[in-house]
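>>> Prediction below, plus the sequence it came from.
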Amino acid sequence: MSAVTDTLDLSGEFRDQRALITGGTKGIGEAIVRRLLAGGARVATTGRSAIDADPSPTLFLQADVSTPDGVNKVIDRLLNEWGGVDIIVHCVGGSNAPNGGHGVLTDADWEMALRLNLMAAVRFDRALIPGMVERGQGVIVHIASIQHRLPLHDATLAYAAAKAALRTYSKGLANEVGPQGVRVNTVSPGFIETAAAREMVHQLAVARHIDEAEARQLIIDGLGGIPIGRPGLPAEVAELVAFLASPRAGSITGADYVIDGGTVPTT
């Protein structure tokens, strides 16, 4: 729980709301699932492999949502069992491209980055927004990255470009569906200490023969620093998402919220 949920009673904040969180089996996505469940929502989430989560989502949909067939599988079940959703949080994303800069990235690397980090969101939105428009309300949050403003060229250039596209798409979509009662925002995390990030820190420490605190600082330095002195936490991102998904943010749409401890400089 975050400090906010420890001090405020938000247990009924999302009562009667149906939420889909893509990529909600670990990291930031898992924290968002936990936060919306704590707020009383029914929460569906997706993953490529089975999960053993506590607390478990209301509905787990096993699928590879980087493919049209995977998205359609999830959509069909959601519509059949729930009739639609009120909140969508697109958290699925990532990169497994090789190191070495733009020259080593193949067409397949670029296509995979776009399928996972952009097209999955586009396909889910296209299928689920009509129901939101019909009901006259809905919330969509796209999880991007500060790399859309601070791209790292060595291994994640395609990922950064895909997240930049997601941010632009999100803004245009917000302008289109806002008059119909559907709010769309983007959340752009910086260095968040997920389990995957901790494993990256560990591997760097082993490779460089340094301790993990030094390895973590190397990553922070590579980003240009984090003024608050530490990575963010998944629960902190989840709290921001919960705010944007709630009626408390009723006049916020088309915005990009950076949550990075101050990494991105003022421009």
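Perfect, thanks for sending it. Residues are numbered from 1 along each chain as shown.
>>> so what does the lengthiest strand in the chain touch, helix or strand wise?
Assignment by DSSP state E gives strand 182-189 as the longest strand of the chain. On a contact count with 3 or more Cβ pairs under 8 Å, 6 or more residues apart in numbering; DSSP states H and E, strand 182-189 meets helix 120-135, strand 138-143, helix 157-177, helix 234-245, strand 256-259. Placement of C-beta: from N, CA and C, glycine included.
>>> buried ones in the helix or strand that that strand is followed by?
Following strand 182-189 in sequence order, the next helix or strand is helix 195-208 (DSSP states H and E). Within helix 195-208, the residues that count as buried by 16 or more other Cβ atoms under 10 Å are Ala197, Met200, Val201, Leu204, Ala205.
>>> Tell me the one of those nearest Val74?
Ala197 (26.6 Å; Cβ to Cβ).
>>> what's the spacing between the closest one and Leu204?
Applying Cβ to Cβ, to the nearest Å, the value for Ala197 to Leu204 is 11 Å.
>>> try Gly136
Distance from Gly136 to Leu204, by Cβ to Cβ: 49 Å.
>>> Over to Val184?
36 Å.
>>> shouldn't Gly131 be in contact with Ile88?
No - in this structure Gly131 lies outside contact range of Ile88 using Cβ atoms under 8 Å: 10.7 Å.
>>> Need the overlap of contacts for the two.
Overlap of the contact sets of Gly131 and Ile88 (by Cβ atoms under 8 Å, 6 or more residues apart in numbering) consists of Gly138.
>>> Between those two, which is the more surrounded one?
Between Gly131 and Ile88, counting by other Cβ atoms under 10 Å, Ile88 is the more crowded of the two (25 against 16).
>>> what sits against that one?
Ala19, Leu20, Thr22, Phe124, Asp125, Leu128, Gly138, Val139, Ile140, Val141.
>>> partners of it in the sheet?
Leu20, Ile140 (DSSP bridges).
>>> Pull stretch 233-240 out as CSV, backbone CA atoms only.
Output in CSV follows, covering the C-alpha atoms of stretch 233-240 (Å, rounded to 0.1, in the frame of the first residue of the first chain):
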residue,chain,number,x,y,z
LEU,A,233,8.4,2.3,-6.7
PRO,A,234,5.7,0.3,-8.6
ALA,A,235,3.2,1.3,-6.0
GLU,A,236,3.9,5.0,-6.6
VAL,A,237,3.1,4.6,-10.3
ALA,A,238,0.0,2.6,-9.4
GLU,A,239,-1.2,5.5,-7.1
LEU,A,240,-0.9,8.0,-10.0
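>>> what's around Glu81, how many residues?
Glu81 has 11 nearby residues by other Cβ under 10 Å.
>>> I figured it was touching Leu61, is that so?
No - the criterion here is Cβ under 8 Å, and Glu81 misses it with Leu61 at 9.7 Å.
>>> Would you mind measuring from the residue positioned nearest the centre of the chain to Val65?
The centre of the chain sits closest to Cys91, judged by Cα atoms, centre = their mean, with a distance of 2.6 Å. Taking Cβ to Cβ as the measure, Cys91 and Val65 are separated by 11 Å.
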